[in-house]
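Engineer: Got a sequence here, can you model it:
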Amino acid sequence: MRTSNEGFTLLLFLSSLFSVSLVSEAADTITTVQFITENETVVSAGGGFELGFFSPGSSKNRYLGIWYKKITTRTVVWLANRETPITDASDDNNPENFLWQSFDYPVDTMLPGMKLGKNLLVGLDRHLSSLKSDDDPAQGDYTFGMNTHGYPQLITDNVTTVTYWTGPWNGLSFSGTQNLKHNTIYQFNFVFNREEVYYGYELLDHSVVSRVVLSQNGILYRWTWVDRTQGWIIYNTSPADNCDYYGSCGAYGSCDIGNSPMCGCLDKFVPRYPKDWDMGDWSNGCMRRAPLACHKGEGFLKYSRVKLPDTQKSWFNETMTLEECGKMCSENCSCMAYANLDIRGGGTGCLLWFGDLIDIREFSTGGQDIYVRMAASELGLYEFVSKLVDE
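Structural biologist: Residues are numbered from 1 along each chain as shown. Purely as a prediction, here's the structure:
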């Protein structure tokens, strides 16, 4: 395929860091016995991408990279030797120093056709990682990839701190990504089976040039090239606002960017530390107004139009009905909430949460329903019965 996957097609033929001479007659292909020199490049068959050596920013170090061929502003989308630059102009032809890189190991850029996620059979983890600086393309502070603890989600973190979660996939998009909507520029998909779990996208119009970049400060930008201005413009960003930052309102807190302050407690919950809460410190979140006692009188209250909480401590089933899901949750005192796994066609599947509910936000439109466990005193008899069977 020589369309949006040109960069990937090219890399399938790379097996080392090439540094001697190019003897291939095919302009888009290098084999393991052929080489490329400092001043030579290889161009993909469709003319969309070019591979060669370059120096980023003001650095004098040399890297083997791939960039857009037809764009006047050199925009590098992949690097082979980001951690081991060539520090002088001499060529290294020692086989022991050759490196293997391909788009199974992306840098900071996601292109059409790329899989961002994990191969569950061999443990391969395809994720983005930011650059240290404009002059140094070595790995920076942030990564963006698939977290597979519980039901999978995409996550941005900086080693010690989670900064952004997409929420779980709901059949149409990730629960928390309101800006990920069907459009005329690209289409996206999520695949999850026994072999692999990944997110990817394809361009609907191959004359469009679009890429996703993880910036040095941990923000994801989708850039689109505009021929008229000969420059890149931002199509969307993630996080998009303060409510997108992970756990902004703490456990059982709910973030609404249209409110001031943006953090509130879920209905029938109160701030855990009211004085801190009133001073704008929402990190400790909220707690139930009436504690759970684990008896048959407990039920569930439905919250609508929300981003589903962090699923690291979750369990899921793809075939159960919502009623079966609620029954299973009600019979386990450790189960704090449940929801449909897939919202298409009226809803299918089951997602259960164990432990505190973190990273909930409210939307004015869209979002999903979640059923949260409540003490009997918080539910009237009719409300309890109706919520349990999903009125």
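Engineer: show me where the chain has helices.
Structural biologist: Along the chain, counting by DSSP state H, helices occupy 6-11, 274-278, 322-330, 381-388.
Engineer: Any idea which of those has the lowest pLDDT on average?
Structural biologist: Ranked by mean pLDDT, the helices of the chain end with helix 6-11 in last place, scoring a mean of 38.
Engineer: average model confidence for stretch 261-268?
Structural biologist: Along stretch 261-268, the predicted local confidence has a mean pLDDT of 96.
Engineer: same deal with stretch 133-140?
Structural biologist: What stretch 133-140 shows for mean pLDDT is 94.
Engineer: ends of it, how far apart?
Structural biologist: 8 Å (CA to CA, to the nearest Å).
Engineer: Now do the buried residues in it.
Structural biologist: For stretch 133-140, the buried set under the neighbour-count rule, 16 or more other CB atoms under 10 Å, comprises Pro137, Gly140. Bear in mind the C-beta positions are built from the backbone N, C-alpha and C, glycine included.
Engineer: Show me how far that stretch is from its chain's centre.
Structural biologist: For stretch 133-140, the gap between its own C-alpha mean and the chain's C-alpha mean amounts to 21 Å (CA atoms, centre = their mean, to the nearest Å).
Engineer: ok, residues contacting that stretch?
Structural biologist: Contact partners of stretch 133-140, identified using CB atoms under 8 Å, 6 or more residues apart in numbering, comprise 56-59, 61, 63, 76, 79, 82-83, 107-108, 129-132, 216.
Engineer: Run through the stretch 1-150 of the chain and note the low-pLDDT ranges.
Structural biologist: For the stretch 1-150 of the chain, the stretches flagged by pLDDT under 70 are 1-27, 32-33, 88-90, 92-103.
Engineer: same thing but 80
Structural biologist: Applying pLDDT under 80 to the stretch 1-150 of the chain picks out residues 1-38, 88-103.
Engineer: The stretch 251-391 of the chain too?
Structural biologist: Short version for the stretch 251-391 of the chain, where the test is pLDDT under 80: 295-296, 380-391.
Engineer: got the contact list for Ser59?
Structural biologist: Neighbours of Ser59 in contact, by CB under 8 Å, 6+ apart: Pro85, Asp135, Asp136.
Engineer: what do you get if the cut-off is 6 Å, keeping everything else the same?
Structural biologist: In this structure, Ser59 makes contact with Asp135, judged by CB atoms under 6 Å, 6 or more residues apart in numbering.
Engineer: Quick check: it vs Asp134, distance?
Structural biologist: Per CB to CB, to the nearest Å, Ser59 is found 9 Å from Asp134.
Engineer: And Ser364, by the same measure?
Structural biologist: To Asp134, Ser364 is 38 Å away according to CB to CB.
Engineer: Equivalent analysis for His127, please.
Structural biologist: With the distance defined as CB to CB, His127 ends up 21 Å from Asp134.
Engineer: what residue is smack in the middle of the protein?
Structural biologist: Nearest to the mean C-alpha position of the chain, by CA atoms, centre = their mean, lies Leu154 at 3.3 Å.
Engineer: Just the pLDDT at that one, thanks.
Structural biologist: Confidence at Leu154, expressed as pLDDT, is 97.
Engineer: Next up, the contacts around it.
Structural biologist: Residues counted as contacts of Leu154 (CB under 6 Å, 6+ apart) are Met146, Thr166.
Engineer: Ok, Arg344 next?
Structural biologist: For Arg344, the contact set (CB under 6 Å, 6+ apart) comprises Gly171.
Engineer: repeat that for 8 Å
Structural biologist: Listed by CB under 8 Å, 6+ apart, the contact partners of Arg344 are Gly171, Leu172.
Engineer: Pull out the buried residues from the contacts of stretch 133-140.
Structural biologist: Judged by neighbour count, with 16+ other CB under 10 Å as the criterion, the buried members of those are Pro56, Ser59, Asn61, Tyr63, Val76, Leu79, Arg82, Val107, Asp108, Ser129, Ser130, Leu131.
Engineer: Would you check how far apart the closest residue in space to Leu357 that isn't next to it in sequence and Thr161 are?
Structural biologist: Distances taken as CB to CB, 6 or more residues apart in numbering put Pro309 closest to Leu357, at 4.2 Å, once the chain neighbours are dropped. Here Pro309 is placed at a distance of 18 Å from Thr161 (CB to CB).
Engineer: Same drill for these two, tell me which one is more crowded.
Structural biologist: Pro309 (30 against 12; other CB atoms under 10 Å).
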